[in-house]
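**Student:** the sequence and its predicted three-dimensional model are supplied below.
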Amino acid sequence: GNSVTQMEGPVTLSEEAFLTINCTYTATGYPSLFWYVQYPGEGLQLLLKATKADDKGSNKGFEATYRKETTSFHLEKGSVQVSDSAVYFCALSLFQGGSEKLVFGKGTKLTVNP
Amino acid sequence: NAGVTQTPKFQVLKTGQSMTLQCAQDMNHEYMSWYRQDPGMGLRLIHYSVGAGITDQGEVPNGYNVSRSTTEDFPLRLLSAAPSQTSVYFCASSRTSGLLDTQYFGPGTRLTVL
């Protein structure tokens, strides 16, 4: 089936540390891949996306590259800030039943300490 | 624009009670959907709609009903609440049903069923 596996959290880092959150997927066909972020008390927001192999999505200093050979879409940031503390969700889109649907990973909670 | 609004923010129900979670968007989006978020489970799709008068089931539809009489509104009805429906519910919308269109999420409704 179609699924997304994220590294389990929580992840705790100090400010300015390097961040990697691993995400791998299983899918039939060629899905689009997404990272969503959920700040405390809020709904999810799209962080970045990639639609085909070798595409790199980037936003707010975060990056992720669509790696078809390893079925991965790892999220990275070179220097995290306290304001990056949130829950991060990896997701893929699939076409099913006449429309596209999002399949989410379980989420990884990131805490950045000053 | 208010974006996607959800009411109420919090609700406590007793087993067997019914209620409706409201969702509205003012962006003239075609596509609307309901998710539930449970600890360690990510988001799971309950129901979705690709336009007024059209609804379909997602991954976990049992115990929930939806209707889409207008483009703006997409209420979620719990017919007979059960403790297993304790969760945080998110409504989302996008311009079209293609998931490359950014999904906009509401702030969520936290529901507890006793």
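**Tutor:** Yes, it's here.

**Student:** not including adjacent chain positions, what is the nearest residue to residue A:110?
**Tutor:** residue A:11 (4.9 Å; Cβ to Cβ, 6 or more residues apart in numbering or on different chains). Glycine gets a C-beta too; all of them are placed from N, C-alpha and C.

**Student:** ok, now residue B:75?
**Tutor:** residue B:20 (5.0 Å).

**Student:** swap in residue B:25?
**Tutor:** Residue B:25 sits nearest to residue B:93 (Cβ to Cβ, 6+ apart), 4.3 Å away.

**Student:** so who does that neighbour touch?
**Tutor:** B:4, B:25, B:27, B:29, B:31-33, B:74, B:103-104 (Cβ atoms under 8 Å, 6 or more residues apart in numbering or on different chains).

**Student:** who in chain B is up against chain A?
**Tutor:** B:4, B:31, B:40-45, B:48, B:50, B:56, B:58, B:90, B:92, B:97-100, B:102-103, B:105-108 (Cβ under 8 Å from any Cβ of the partner chain).

**Student:** restricted to strands, list these.
**Tutor:** B:4, B:31, B:42-45, B:48, B:50, B:56, B:90, B:92, B:105 (DSSP state E).

**Student:** contacting residues around the nearest residue to residue A:60 once chain neighbours are set aside?
**Tutor:** Excluding its sequence neighbours, the residue lying closest to residue A:60 (Cβ to Cβ, 6+ apart) is residue A:47, at 7.1 Å. Residues near residue A:47 by Cβ under 8 Å, 6+ apart: A:34-37, A:59-60, A:62, A:75, A:88.

**Student:** residue A:47 and residue A:63, how far apart?
**Tutor:** Counting by Cβ to Cβ, to the nearest Å, the separation of residue A:47 from residue A:63 is 10 Å.

**Student:** intersection of neighbour lists for the two?
**Tutor:** residue A:75.

**Student:** what's the pLDDT at the residue of chain B found nearest chain A?
**Tutor:** Chain B approaches chain A most closely through residue B:105 (3.3 Å), counting by Cβ to the nearest Cβ. Listed pLDDT for residue B:105 reads 92.

**Student:** remind me which residues of chain B are low pLDDT?
**Tutor:** B:1, B:98-100 (pLDDT under 70).
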